[in-house]
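Undergrad: Take this sequence and fold it.
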Amino acid sequence: MTPPRRRAVNVDPAMVARAEAALDRLSVYFGPWMNEEVSLLTAARARVHDEGLNPDTGEHLNIQAHEVKSLAATFGFPIVTHIAGSLCKLIEDPDTRLRAPLFLVDAHIDAIGAALRAGIRELDHPTSVALIHELQARVREAI
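TA: Got it, this is the predicted structure:
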């Protein structure tokens with residue numbers, strides 16, 4: 001069976017330019033919005049430390065990690081997207097989430113905070129590359 005043919009979509013360049021200009025105007029808010037999302041993730045982690053990693057706290061942590069992951073991509077923080085993605089991989093499966101090492105959860109969240117505080121956004125930063133590889137390796141070991 002052949003896949004359905006896709007129809008070409010005509011995009012108005014002026015509309016694209018207006019959308020890009022609107023995003024540019026909003027970009028001054030991206031940093032504060034990202035900080036707010038990371039604060040919510042940090043609060044979810046604190047709840048895990050206070051109440052333990054159980055189905056409720058684990059699900060809440062997972063939701064916040066996915067929020068950070070998706071919004072970081074939108075807000076222009078690719079390094080945070082990758083770190084949060086690694087955290088999501090560690091805790092997204094409800095069957096294995098409760099066995100996630102808390103030190104590794106903490107390492108991811110601390111790395112996200114450090115990247116934001118240091119203003120590191122891009123993936124080509126040498127420290128970022130090493131950090132992402134190490135976190136991902138630890139996640140592979142853990143799962």
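Undergrad: ok, how many other residues are close to Pro101?
TA: 14 (other C-beta atoms under 10 Å). In short, each C-beta sits where N, CA and C put it, glycine included.
Undergrad: Check whether it really touches Glu141, as I assumed.
TA: No - using C-beta atoms under 8 Å, Pro101 makes no contact with Glu141, being 9.3 Å away.
Undergrad: secondary structure class for Glu122?
TA: Three-state assignment for Glu122 (DSSP: H, G, I helix; E, B strand; the rest coil): coil.
Undergrad: Give the helix, strand or coil label for Ile109.
TA: Classification of Ile109 by three-state DSSP places it in helix.
Undergrad: what residue ranges in the protein score low on pLDDT?
TA: The model of the chain has pLDDT under 70 over residues 1-4, 6, 8, 22-30.
Undergrad: in it, which spans are helices?
TA: In the chain, the segments counted as helices under DSSP state H are 13-26, 30-51, 55-75, 78-91, 102-118, 126-142.
Undergrad: Contacts for the last one next, please.
TA: Contacting residues not belonging to helix 126-142 are listed as 79, 82-83, 86-87, 89-90, 99-101, 104, 107-108, 111, 115, 120, 122-123 [C-beta atoms under 8 Å, 6 or more residues apart in numbering].
Undergrad: With that, I have no additional questions.
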